[in-house]
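A.B. asks: below: sequence and its predicted model.
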Amino acid sequence: MRAVLIAERRNSIAFWLGCTLVTAGVVLHLPMFLMARGSGYILAGMPMEPGMLLGMAAIVVGAGLAAFGLLPKSAPEQESLPIDVIAPLENAPLTAAHWRVAGLLALALVIDIMKPASLGFVTPGMRTEYHVSAGLVSWLPFAALAGTVVGSCLWGVMADIYGRRASIVLSSVLFVGTSICGAMPDFWWNVAMCFMMGAAAGGMLPVAYALLAEIMPTRHRGWTLVVVGGIGALGGFFAASSLSALLQPIFGWRIMWFLNLPTGLILVALSPLIPESARFLQQMGRADLARATLARFGVELSPASVVSAAAATEPESHAPVPPVGRGFLGVTAALTLAALAWGLVNFGLLLWLPAALIAEGRSVGASSALIARSTLIAAPTIVVCAWLFSAWSTKWSLVAMTGVMVLGMLGLTLQQLGAGEMSHPLIPVALIILGSSGVISMLLPYAAENYPLRIRGRATGWVAACSKLGGLAAQALSVVAGVPPLAAAVTAIAVPAVGSTILIALYGRESRGRSLGELDAPGAAREPAI
């Protein structure tokens, strides 16, 4: 026990020292930014100062120390003995501790989603300062999406090895470090740092869902996952747009990257309030910490119910990414196609749509107003999805939302081809936005419920990565100026969307009202889906 305490103290010192070095490394970049206030914070073409190079080194060393400090602690030998089943958590009522964690994770997702959402607000100023074309500046969102793909997979694996909390906190530390993107005097430095920022942002999202799924009681799990995710998505875009309107006129586009410093530090400062999953601690043999975590949520364990730590979960610790073995091939294929389709819609179709409408003869104002009205119609989707997901069916709610998205694409294709009486695209566009909003609000919560504990992080990370991979493919077409006509694009995107709808109906599991212990049980993935 003494050795464990010494290791914990050493890791804590390493973590906070690493955070201090990362913060100091960012601060060393601020003088160059502040000295440029006379020129409107234009830094293009300026040489990299020695302080900035020293700051970069400090960030790299600090991030390594912080990662070392977050390594899971080895359990004493006696903690590998049989420990209590944590099934009582499944029927526990919501407590102040549950609300606190949900609020913290919602805040984390707001800050997380704010990072990539800022891309649309910085590219105009970046084009002006660096004198780059629209095609060249497309490398910025391309790099960011590539980073989110890598981050979702990497952080998902880390969450299964190092822990959910550790992965979230490390993402927050990297948020702080990537704020130096605001001081980069060269466009390609920005692209490289944008990749790193995307990796940190892409990693937090699926891990937050996995942690929340393992903390919330069964009867509250579905709606809290959807609501927290919805708050994160809407709050992230609202924060990015509001802060851009408030700060960019004064400090220029670079301030949007420097916001990573205070927002990342907020998450790091609040990290002691984020608990580790009791299920993960149980798996690691840390019965003492698992009991302490459950006690925070008002859960008392029954000493009469004991199983070994090895038998508490399905032995899938070395499952690949994507998880395709042991009966998971069908559901993984279904969720992969759904994620790819959503990425192609959100980062491709909805971005190409304004230009296509303008090409048809509509004005910029009319095109923007049409999409705004469509978004307004789809705005209540999150509330409806939360109710459907928790009160009706998790599986069929997701099927319904993919079906709505397909229906919208079918209507838009008919409108583009001039068939039928649908001359105005308001209804099909509204259906596409409504369906895609519903899909993304349910997709990761459903993925978190459909895989057992030992691969939940990497499986949810894989699905999150695929949602960005579809967007990456769409952005690649933009980079090479290969965007197809709208009707062809909609038809192509509809193929994986239809495939995912069919596969979810065939292989998806109904998780509403079922405890994670029941869903994690060996053989559960191979139960008949219909």
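C.D. replies: That came in fine, so what should we check first? Fair warning: this is a prediction, and the values are worked out from it, not measured in the lab.
A.B. asks: residue 400: which element?
C.D. replies: Per DSSP states H and E: residue 400 is located in helix 394-417.
A.B. asks: which ones are touching the residue positioned nearest the centre of the chain?
C.D. replies: For the chain, the residue nearest the mean C-alpha position is residue 205 (2.4 Å; CA atoms, centre = their mean). For residue 205, the contact set (CB atoms under 8 Å, 6 or more residues apart in numbering) comprises 109, 112-113, 152, 232, 444, 464. Every C-beta, even on glycine, is put in place using the N, C-alpha and C of the backbone.
A.B. asks: that older thread, give me the next element, helix or strand, following the helix holding residue 400.
C.D. replies: Following helix 394-417 in sequence, per DSSP H and E, is helix 426-449.
A.B. asks: packing partners of that next one?
C.D. replies: Using 3 or more CB pairs under 8 Å, 6 or more residues apart in numbering; DSSP states H and E as the contact test, the elements touching helix 426-449 are helix 187-215, helix 218-251, helix 329-344, helix 350-359, helix 364-378, helix 381-387, helix 394-417, helix 453-479.
A.B. asks: quick one: which of those is nearest residue 28?
C.D. replies: With CB to CB, the closest approach to residue 28 among the helices and strands packed on helix 426-449 belongs to helix 187-215: 15.1 Å.
A.B. asks: that closest one: how far from the chain's middle?
C.D. replies: Relative to the mean C-alpha coordinate of its chain, helix 187-215 is positioned 7 Å out (CA atoms, centre = their mean, to the nearest Å).
A.B. asks: report the buried residues of it.
C.D. replies: 187, 190-191, 193-215 (16 or more other CB atoms under 10 Å).
A.B. asks: then stretch 246-260?
C.D. replies: Those would be 247-248, 251-260, for stretch 246-260 by 16+ other CB under 10 Å.
A.B. asks: and stretch 157-177, by the same measure?
C.D. replies: Per 16+ other CB under 10 Å, stretch 157-177 contains these buried residues: 157-160, 162-177.
A.B. asks: if we can go back for a sec, most neighbours of all the contacts of residue 205, which one?
C.D. replies: With neighbours taken as other CB atoms under 10 Å, the top of the contacts of residue 205 is residue 152, carrying 33 neighbours.
A.B. asks: in what helix or strand does that one lie?
C.D. replies: helix 139-161.
A.B. asks: tell me what that helix is packed against?
C.D. replies: Where contact means 3+ CB pairs under 8 Å, 6+ apart, helix 139-161 is packed against helix 96-117, helix 119-130, helix 164-177, helix 187-215, helix 453-479.
A.B. asks: and the average pLDDT for the fourth one is what?
C.D. replies: Put plainly, it is helix 187-215. The pLDDT scores in helix 187-215 average 84.
A.B. asks: and the angle for it with helix 119-130?
C.D. replies: Counting by axes from the mean of the first three to the mean of the last three CA atoms, to 10 degrees, helix 187-215 lies at 170 degrees to helix 119-130.
A.B. asks: buried ones in the helix holding residue 400, by neighbour count?
C.D. replies: 394-416.
A.B. asks: next: stretch 132-140.
C.D. replies: Quick answer for stretch 132-140 (16+ other CB under 10 Å): 132, 137-140.
A.B. asks: can you put those residues in a markdown table and add pLDDT and distance to residue 333?
C.D. replies: Shown next, in a markdown table, are those (pLDDT from 0 to 100; distance: CB to CB, whole Å):
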| residue | pLDDT | distance to residue 333 |
| --- | --- | --- |
| 132 | 84 | 39 |
| 137 | 80 | 35 |
| 138 | 78 | 30 |
| 139 | 84 | 31 |
| 140 | 82 | 32 |
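A.B. asks: can you list the buried residues of stretch 246-260 in TSV and add pLDDT?
C.D. replies: Formatted as TSV, those follow (pLDDT from 0 to 100):
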residue	pLDDT
247	88
248	86
251	89
252	87
253	87
254	89
255	90
256	88
257	88
258	91
259	91
260	90
